[in-house]
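Engineer: here you go, sequence then predicted model.
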Amino acid sequence: MPIDRRTFLNRTAATGAGVALASGAVGGVDSAEAAPLGGHHGRAPRTASLRVLGTTDTHGHVLNWDYFTNAAYDDATHNDVGLAKVATLVERAREEAGRHRTLLVDAGDIIQGTQLSYYYARVDPITGGTKGKRPPKHPMALAMNHMKYDAAALGNHEFNYGIPLLRAFEAQCDFPLLAANALDAKTLKPAFEPYVVKRVHVPGGPDIKVGILGLTNPGIAIWDKANVQGKMTFPGLVEQAKKYVPRLRSLGCDVVFCTDHSGLDGATTYGDAIPYPENASSLVAQQVPGIDAILVGHTHVERPSSIVTNEQTGKQVVLSEPLMWGMRLSVFDFALELRHGRWEVTSVTAGVRDAATVPEDPQVAALVRSEHDAVVAYVNQIVGTCAAAMDATDSTYKDTPIIDFVNRVQSDTVTKALAGGQYASLPVLSEASPFSRTAAIPAGQVSLRDVAGLYVYENTLEAKILTGAQVKDYLEWSAQYFALTAPGDPVDLAKITNANGIPDFSYDVLSGVSYDIDIAQPVGSRITGLTHAGEPVDPAAQFVLAVNNYRSGGGSGYPHVATAPSVWSSSDEIRNTIIAWVQAEGTIDPAAFGGDSWRLTRAGTPLF
């Protein structure tokens, strides 16, 4: 439920230190050991230390397992994943610094991303028991409660399954989910706890009061519009931090630590669709006085330590982002000095630790073993057959049947949905991205995990109207993905894609039209030979575009689509739509997906 002002003030008055102030010590120390706030036991020490550990973008990874390959996780650099690995790093870091002065925090995107998390959202949901059973416990809650997290910020993917499921997860957690910039749309009051204040016991001195402020991503309003519109609103990180950081300082916090589900660099993938930047952590550090350190999330990169200078105070703020999926653990170490009866931070350092260097914590692994086994059985069920093997290895630079397959399912679904209506006569195009370069469908029997591996996000399907000119603009935007390559220059397949850091999920292939992408031409002038049904596309013609909700809402900044007329939408995940298509058809035949094509060229000459 949203927190009304009376509840908010009552909590503050009851604790004397803000929302959800810890009544005891932190990190496993018995509450009887904790000194009263500001109390002294003998002569106060002049210095003290504090450690804050941070994870982010765990995305449903508990064990070091890949449900799409049915094997232990591995990648090109041999990373390991999962909270069971992180738990070992956490225990070692606590032992080093002292459990009584170590906190554990997360920066969001917890309950979406693996078939494990999907299963407990859709197949056996935590919102209600099936077949008379009690609702199951979410595996991420089981693991994080055991690890004794102190707080977690909400990520944008927390909203993928709807607010009721998020509330059910929140109820299962022994720690608060924080989001100072997630407000009730009607009252504009906090929909979740904005912050938590923790006390860290210092023998012989006053407790260190640590204020933890949580900030989520404004893009939720676009990416999960169907789930949050009219229910919640998401102002900017800087704006809300300016409101709450002074409050935390006024409550006597010696340390203010932010956990932000927002990247560092100020970039935004949704253009000007909303007025708040997507990746604002560096802006928060720069523009909001009073912050000591920030745990960064959302962008899935490894930044052990970044320094941003606050423009008002000149103080250096330390930021760290620990990659994703539990591959790394951020470690912040604070040195403090007692001055005039109050602790002041004198230095902060940060770094990351690698989960691949340690074994899984057997207790965490055992906690979720039955849930894991249920999901393994679920994803390995056979749903159909395939006439010939397909894979996504070349899909980022070649027209491949496996991407055509996704587009075929989406086109069929939208065509069927619009049949008999006013838009039934319009040609249906479809967009799909090479989400996973390792996705593959084998010849012969096809399992659910084979199909699910094609679509690793919980996107839903929509249909929008675009003109031929707008389709051309859409493709030009997508073609920015390729590096400018002059005729005669060597072609390095490792460097030809992802120009300017554009990720694979931001590159779209369109079906229903054929076209060339001339990578010898500048951005904005690359699409040539654009045809539909063998004829040049008329700029004034109308088309229906089958498009995922992320792209439809402005994700990756594609032109026109966010404001285009919407003619249909589905609440079912595209992944489920693909699985249902295979179950209904029985057989996938790659030969049936031909007809339309795209190719890379240089000065009109095909590259492959």
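Structural biologist: Structure's in. What do you need?
Engineer: when you work out contacts or count neighbours from here on, use the C-alpha atoms and nothing else.
Structural biologist: Fine.
Engineer: who's in contact with Gln286?
Structural biologist: Residues near Gln286 by Cα atoms under 8 Å, 6 or more residues apart in numbering: Val308, Thr309, Asn310, Glu311, Gln312.
Engineer: would you enumerate the residues in contact with Lys231?
Structural biologist: Asp184, Ala185, Lys186.
Engineer: circling back to that earlier point, which of the contacts of Gln286 sits closest to Trp343?
Structural biologist: Closest approach between those and Trp343, by Cα to Cα: Asn310, at 20.5 Å.
Engineer: hmm, Gln287 and that closest one touching each other?
Structural biologist: Yes: using Cα atoms under 8 Å, Asn310 is in contact with Gln287, at 6.0 Å.
Engineer: mind listing what Leu336 touches?
Structural biologist: Applying Cα under 8 Å, 6+ apart, the residues contacting Leu336 are Thr47, Ala48, Ser49, Leu50, Trp343, Glu344, Val345, Thr346, Ser347.
Engineer: mind putting these into CSV with distance to Thr413 and pLDDT?
Structural biologist: Shown next, in CSV, are those (distance: Cα to Cα, whole Å; pLDDT from 0 to 100):
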residue, distance to Thr413, pLDDT
Thr47, 65, 95
Ala48, 62, 96
Ser49, 59, 97
Leu50, 55, 98
Trp343, 61, 97
Glu344, 60, 97
Val345, 58, 98
Thr346, 60, 97
Ser347, 57, 97
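Engineer: against Gly252, how distant is Gly204?
Structural biologist: 19 Å (Cα to Cα, to the nearest Å).
Engineer: scratch that, Val383 is what I was asking about
Structural biologist: 59 Å.
Engineer: now do Leu116
Structural biologist: Leu116 is 41 Å from Gly252, by Cα to Cα.
Engineer: what about these two, which has more around it?
Structural biologist: More neighbours surround Leu116 than the other of Leu116 and Gly252, with 29 against 20 (other Cα atoms under 10 Å).
Engineer: in which helix or strand does that one reside?
Structural biologist: Per DSSP states H and E: Leu116 is located in helix 115-118.
Engineer: against which helices or strands is the next helix or strand after that helix packed?
Structural biologist: Downstream of helix 115-118, the first helix or strand assigned by DSSP H and E is helix 139-147. Packing partners of helix 139-147 (3 or more Cα pairs under 8 Å, 6 or more residues apart in numbering; DSSP states H and E): helix 83-97, helix 115-118, helix 362-367.
Engineer: let me have those helices in a markdown table, adding distance to Ile163 and mean pLDDT as columns.
Structural biologist: Formatted as a markdown table, the helices and strands packed on helix 139-147 follow (distance: least, Cα to Cα, whole Å; pLDDT from 0 to 100):
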| stretch | distance to Ile163 | mean pLDDT |
| --- | --- | --- |
| helix 83-97 | 24 | 98 |
| helix 115-118 | 15 | 94 |
| helix 362-367 | 26 | 98 |
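Engineer: picking that back up, other SSEs contacting the helix holding Leu116?
Structural biologist: Packed next to helix 115-118, using 3+ Cα pairs under 8 Å, 6+ apart, are helix 139-147, helix 369-379.
Engineer: outside of that helix itself, list whatever touches it.
Structural biologist: 59-61, 67, 111-112, 138-140, 371-372, 375, 379.
Engineer: recalculate using a threshold of 6 Å.
Structural biologist: The contact list for helix 115-118 (Cα atoms under 6 Å, 6 or more residues apart in numbering) reads Gly60, Ile111, Val375.
Engineer: strands along the stretch 401-550 of the chain, start to end?
Structural biologist: Assigned strands in the stretch 401-550 of the chain, in chain order: 428-432, 440-441, 444-447, 460-467, 509-511, 514-518, 527-532, 535-536, 542-548 (criterion: DSSP state E, counting those that start in this stretch).
Engineer: adding mean pLDDT and mean neighbour count, write those out as a markdown table.
Structural biologist: Formatted as a markdown table, the strands of the stretch 401-550 of the chain follow (pLDDT from 0 to 100; neighbours: other Cα atoms under 10 Å):
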| stretch | mean pLDDT | mean neighbour count |
| --- | --- | --- |
| strand 428-432 | 98 | 24 |
| strand 440-441 | 96 | 21 |
| strand 444-447 | 97 | 18 |
| strand 460-467 | 95 | 24 |
| strand 509-511 | 98 | 25 |
| strand 514-518 | 98 | 24 |
| strand 527-532 | 98 | 18 |
| strand 535-536 | 98 | 12 |
| strand 542-548 | 98 | 25 |
